[in-house]
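Asks: My questions are about this predicted structure, shown below with the sequence.
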Amino acid sequence: MSEGAAITREIFLGLCSTSRIVFYSLSFISICFFIWGIRQRLKKYYSGKSSGGISNTLGRVGELLKLSLSNMTIIRDDLYSGLTHLLVFWGFLVLFVGTIIIFFNFDVVALMNRKWTFWHGSFYLWASFLLDLFGLVLLVGIAMMMLRRAFFKPQRLDYTRLDRDPDTYSRTKYVVGDWLFLSLLFVVGVSGFIVEGLRIAITQPPYSSWSFVGRFVAGLFPEMGTAAYKVLWWTHSLLGLAFVAYIPYSKAIHMLSDLANLFFKGRVTGEVPSLSEDELDFDKLGYMELKDFTRKELLDLDACTKCGRCHISCPAVISGLPLSPRDVVLDLRDFLAVKAKTITLWDSQAGSYKDEKLVGGIIKKETLWVCTTCLSCTEHCPVFIRPLPLIVKMRRHLIEGGFIDEGVQDALINISECGNSFGESSTNRGKWTSELRFDVKDARKEAVETLWFVGDFASFDNRAVEVTKAFAQVLHLMRLDFGILYDSERNAGNDLRRIGEEGLFEELAEHNKAILDECQFNVIVTTDPHSLNTLKVDYPNLNHPVLHHTELLNELLKRRQIALKRKLPYKVTYHDPCYLGRYNGIYGPPRDIIRFIGVEFVEMPRSRRNSLCCGAGGGGVWMRGENYGKERLSNMRIKEAYETGANCLVVSCPKCLVMFEDALKGMDLDGEFVVKDISELLLEALQE
């Protein structure tokens with residue numbers, strides 16, 4: 001035997017052949033439990049509707065590896081949490097790979113030819129070192145997680161509900177499940193090091209320094225013999241096998257479901273699916289049974305770890321309203337666990353969901369209606385779970401049942417009858433053009449370079465119309481060839497679709513698409529991020545680029561030499577609209593324009609992807625309900641802007657403008673603070 005071959009360790013030190021048979025038998029049973037649990041999950045997924053095929057498989061694999069190996073989506077919003085998860089992830093991954101290597105060496109290669117085994121010499125020494133290092137990394141990560149849960153108790157890990165009285169629910173099983181998962185993994189890791197230490201204490205190998213943690217432990221138990229080693233070896237083995245069997249029935253399933261969710265994730269756009277054939281029947285509208293969910297939606301629900309990032313970033317939670325996207329996901333998951341008869345261990349509240357209906361029962365009506373569709377939940381979810389389509393589908397059931405806010409009902413009637421939410425005659429859509437000193441082309445009658453889709457608020461709201469006229473003047477000063485649709489334009493339908501009125505949305509989209517197809521133009525522009533989003537995402541085969549007015553203005557300023565005429569006396573801050581930022585990733589152009597204008601600029605604490613919603617989205621701008629929670633979102637945002645020391649809040653959305661102007665009316669700022677659209681600011685700087 002060569003010297004290198006002698007440098008190894010015995011896997012079953014001191015154990016008889018009977019013990020080995022028992023171990024392999026228990027391993028087989030553990031794996032059977034694991035496979036049965038995975039089979040249960042897959043059976044549940046395949047009970048749902050098809051989510052469609054996938055494309056770009058290699059790209060998805062690359063994205064999965066990048067996100068999972070770096071943990072970047074966990075680190076970006078919480079460094080401490082991200083670091084602990086990174087330690088646990090890499091620790092577990094290396095130990096898992098090490099276990100597979102040992103199995104392959106002793107239970108596959110050795111059975112074919114013992115001369116082919118490789119668990120010895122330098123390979124063994126380096127493997128021992130790495131396994132000790134990453135085992136220690138795993139334990140440090142778990143200990144940091146436990147420390148945070150036990151002593152620091154961050155808000156996002158508080159399972160208190162906002163939609164129920166404390167005495168009507170219990171989250172004890174969730175807490176027990178969290179601690180069981182961490183504790184079991186921690187004990188498996190600690191017992192593994194103790195077993196290694198006892199083995200080193202018994203065998204005294206001269207190369208034990210490579211197993212530096214085991215060697216340290218060996219020094220703590222120098223007198224313990226083979227009997228103690230056998231007891232602890234079995235303890236460690238049984239705990240490890242129990243953990244394997246436990247994975248599919250517990251919170252530990254996220255180790256697999258999260259990876260699958262990252263692989264199947266789509267582009268985060270807040271897309272809402274069209275009505276399925278089943279939903280054309282009112283009795284089957286929305287979610288009623290397991291088969292009403294898509295497979296990807298079912299996977300989304302299983303991927304949730306209750307980390308609470310969506311919870312603390314949700315504007316409804318921030319303002320104290322009865323909605324938490326985390327609770328919507330968990331309620332749906334637990335409801336479906338009952339429907340699918342899935343076994344869960346200390347990670348559900350399924351017992352309370354046996355007899356309640358889903359929409360209006362388990363998920364309350366008021367919970368569904370306070371969602372502003374801001375997309376903050378998905379933006380902050382490390383594995384891109386999408387509560388929004390789930391909420392919209394349940395809203396469809398409420399819409400058809402007539403369970404809606406009076407203001408929303410009036411807006412729907414107005415849009416159905418007049419094509420706009422204000423109930424104005426279509427002939428008044430272009431009325432604002434008569435107040436300009438130049439003509440605005442009719443894009444239906446002549447070809448234009450840029451077709452401006454104006455939108456409802458920009459056409460009919462008195463304050464928003466001032467912005468519309470300012471933008472038109474800026475385009476005129478820049479000599480851009482543009483036109484509008486006048487009375488042929490209808491509401492784009494973005495908010496209709498997201499409150500659940502799919503049928504009316506389809507009518508509007510069909511009308512607008514037909515009109516656009518008849519016009520000759522190169523690009524569509526709009527000042528309304530809601531219209532921007534629905535034209536880009538929801539209108540099929542539009543075949544023309546769609547730009548927000550900040551994108552267009554930014555490009556024009558870069559291409560054309562425009563001289564500023566005035567130095568403006570403002571110190572400004574900027575509000576990122578949800579449908580411009582999180583939905584469409586447009587953060588740079590508005591800031592570029594502000595810098596071009598030359599005013600003093602300061603960011604709010606919550607900006608870009610962390611921007612706080614104004615409250616207008618998802619039909620909020622139409623609602624008349626008096627429940628604003630602790631404080632209206634628009635009021636909170638105005639205060640945040642004012643506290644930066646700015647005297648002007650710059651916006652780039654007519655709905656945000658209306659919400660903030662309304663909030664200002666009730667605030668005692670004595671005219672020292674104003675809200676302006678970016679077009680108004682630019683026009684001021686361009687005029688004498």
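Replies: Now that the structure is in, tell me what you want to look at.
Asks: what residue lies at the spatial centre of the protein?
Replies: What sits nearest the mean C-alpha location of the chain, by CA atoms, centre = their mean, is T378, with 1.7 Å.
Asks: check contacts around it.
Replies: By CB atoms under 8 Å, 6 or more residues apart in numbering, the contact set of T378 is 268, 270, 310, 384-388. Backbone N, C-alpha and C define where each C-beta goes, glycine included.
Asks: Just the buried subset of the residues you listed, please.
Replies: Listed as buried from these are 270, 310, 384-388; burial here means 16 or more other CB atoms under 10 Å.
Asks: any idea which of those is the one closest to A337?
Replies: Minimum distance to A337 across the buried ones among the contacts of T378 is 16.6 Å, recorded for I385 (CB to CB).
Asks: Stretch 335-344: which residues count as buried?
Replies: Neighbour counts over stretch 335-344 (16+ other CB under 10 Å) mark 335-340, 342, 344 as buried.
Asks: just stretch 41-50 next, same as before
Replies: 41, 44-45, 47-49.
Asks: With stretch 638-656 instead?
Replies: By neighbour count with 16+ other CB under 10 Å, stretch 638-656 contains the buried residues 638, 640-642, 644, 646-656.
Asks: Closest one of those residues to N71?
Replies: N71 lies nearest to E640 out of the buried residues of stretch 638-656, by CB to CB, at 30.1 Å.
Asks: ok, the nearest residue to V621 once chain neighbours are set aside to L321 distance?
Replies: Leaving out its chain neighbours, the residue that sits closest to V621 by CB to CB, 6 or more residues apart in numbering is K655, at 5.2 Å. According to CB to CB, to the nearest Å, K655 and L321 sit 19 Å apart.
Asks: same thing with T367?
Replies: For T367, the distance to L321 equals 9 Å [CB to CB].
Asks: ok, now P248?
Replies: Per CB to CB, P248 is found 35 Å from L321.
Asks: One more: R114?
Replies: R114 sits 68 Å away from L321, taking CB to CB as the criterion.
Asks: Neighbour count for the two, which is higher?
Replies: The neighbour comparison of R114 against L321 (other CB atoms under 10 Å) goes to L321, with 24 against 9.
Asks: Test my guess that that one contacts V370.
Replies: Yes: between L321 and V370 there is a contact under CB atoms under 8 Å: 4.4 Å.
Asks: Residue ranges in the stretch 551-688 of the chain under the pLDDT threshold?
Replies: 561, 625-628, 670 (pLDDT under 70).
Asks: related to what we said a few turns ago, go through the buried residues of stretch 335-344 and flag which are in helices.
Replies: In helices, defined here by DSSP state H, the members of the buried residues of stretch 335-344 are 335-339.
Asks: W179: which of those residues is nearest?
Replies: Checking these against W179 with CB to CB, the nearest one is A337 at 20.3 Å.
Asks: Can you verify my assumption that D302 contacts S257?
Replies: Yes: using CB under 8 Å, D302 and S257 qualify as a contacting pair, with a distance of 4.4 Å.
Asks: Are there residues contacting both of these two? Which ones?
Replies: Counting by CB under 8 Å, 6+ apart, the contacts common to D302 and S257 are R41.
Asks: Local confidence estimate at D517?
Replies: Model confidence at D517, given as pLDDT, is 92.
Asks: ok, which stretches of the stretch 101-250 of the chain are strands?
Replies: Remark: strands of the stretch 101-250 of the chain are absent; assignment by DSSP state E, counting those that start in this stretch.
Asks: pLDDT weak spots in it?
Replies: Along the stretch 101-250 of the chain, the parts satisfying pLDDT under 70 run over 110.
Asks: where along the stretch 101-250 of the chain do the helices fall?
Replies: Taking DSSP state H, counting those that start in this stretch as the test, the helices found in the stretch 101-250 of the chain are 110-112, 121-147, 172-203, 212-220, 226-246.
Asks: got the CA positions of the last one in CSV?
Replies: Translated: helix 226-246. Below are the C-alpha coordinates for helix 226-246, written out as CSV (Å, rounded to 0.1, in the frame of the first residue of the first chain):
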residue,chain,number,x,y,z
THR,A,226,-15.3,3.6,21.0
ALA,A,227,-18.7,3.1,22.8
ALA,A,228,-19.3,6.8,23.1
TYR,A,229,-18.3,7.2,19.4
LYS,A,230,-20.8,4.6,18.3
VAL,A,231,-23.7,6.2,20.2
LEU,A,232,-22.9,9.6,18.8
TRP,A,233,-22.3,8.2,15.3
TRP,A,234,-25.8,6.8,15.3
THR,A,235,-27.2,10.0,16.8
HIS,A,236,-25.7,12.0,14.0
SER,A,237,-26.7,9.5,11.3
LEU,A,238,-30.3,9.3,12.5
LEU,A,239,-30.6,13.1,12.8
GLY,A,240,-29.2,13.5,9.3
LEU,A,241,-31.6,10.9,7.8
ALA,A,242,-34.5,12.4,9.7
PHE,A,243,-33.6,15.8,8.1
VAL,A,244,-33.6,14.3,4.6
ALA,A,245,-37.0,12.7,5.2
TYR,A,246,-38.3,16.0,6.8
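Asks: Report the mean per-residue pLDDT for the helix or strand following that helix.
Replies: Reading on from helix 226-246 to the C-terminus, the next helix or strand found by DSSP states H and E is helix 254-264. Helix 254-264 carries an average pLDDT of 91.
Asks: and the angle for helix 254-264 with helix 172-203?
Replies: 110 degrees (axes from the mean of the first three to the mean of the last three CA atoms, to 10 degrees).
Asks: Which secondary structure elements does the next helix or strand after helix 254-264 sit against?
Replies: Counting by DSSP H and E, the next helix or strand C-terminal to helix 254-264 is helix 295-303. When contacts are defined as 3 or more CB pairs under 8 Å, 6 or more residues apart in numbering; DSSP states H and E, helix 295-303 sits against helix 17-45, helix 254-264, helix 325-339, helix 387-401.
Asks: mind checking which of those helices is nearest V88?
Replies: helix 254-264 (10.0 Å).
Asks: Angles on the backbone of Y574, please.
Replies: Torsion angles at Y574 (phi, psi; degrees, to the nearest 10) stand at phi -120, psi 140.
Asks: Against I253, how distant is it?
Replies: Per CB to CB, Y574 is found 42 Å from I253.
Asks: and if you look at R164?
Replies: To I253, R164 is 26 Å away according to CB to CB.
Asks: same check, this time on G82
Replies: Note on G82: its distance to I253, by CB to CB, is 21 Å.
Asks: cool, L184 as well?
Replies: Per CB to CB, L184 is found 14 Å from I253.
Asks: of the two, who's got more company?
Replies: For L184 versus I253, the count of surrounding residues by other CB under 10 Å is larger for I253: 20 against 17.
Asks: isn't N420 right up against T427?
Replies: No: with contact defined as CB under 8 Å, N420 does not count as touching T427 (11.4 Å).
Asks: between the two, which one's more packed in?
Replies: Of the pair N420 and T427, N420 is the one with more neighbours under other CB under 10 Å, namely 22 against 9.
Asks: Let's verify the more buried one: helix, strand, or coil?
Replies: Following DSSP: H, G, I helix; E, B strand; the rest coil, the label given to N420 is coil.
Asks: Can you tell me, leaving aside adjacent residues, what's nearest to it?
Replies: Using CB to CB, 6+ apart, the nearest residue to N420 is D456, at 4.6 Å.
Asks: same thing with V329?
Replies: C304 (4.9 Å).
Asks: correct me, but that neighbour touches R333?
Replies: Yes: with contact defined as CB under 8 Å, C304 counts as touching R333 (6.7 Å).
Asks: How about L547: what's its closest non-neighbour residue?
Replies: Among residues not flanking L547 along the chain, V525 sits closest, at 4.9 Å (CB to CB, 6+ apart).
Asks: Does that neighbour touch L451 like I think?
Replies: Yes: using CB under 8 Å, V525 is in contact with L451, at 7.3 Å.
Asks: Return every residue with contacts to both of those two.
Replies: F482.
Asks: just to revisit the earlier point, turn the helices of the stretch 101-250 of the chain into CSV, including distance to S19.
Replies: Output for the helices of the stretch 101-250 of the chain, formatted as CSV (distance: least, CB to CB, whole Å):
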stretch, distance to S19
helix 110-112, 18
helix 121-147, 23
helix 172-203, 14
helix 212-220, 22
helix 226-246, 8
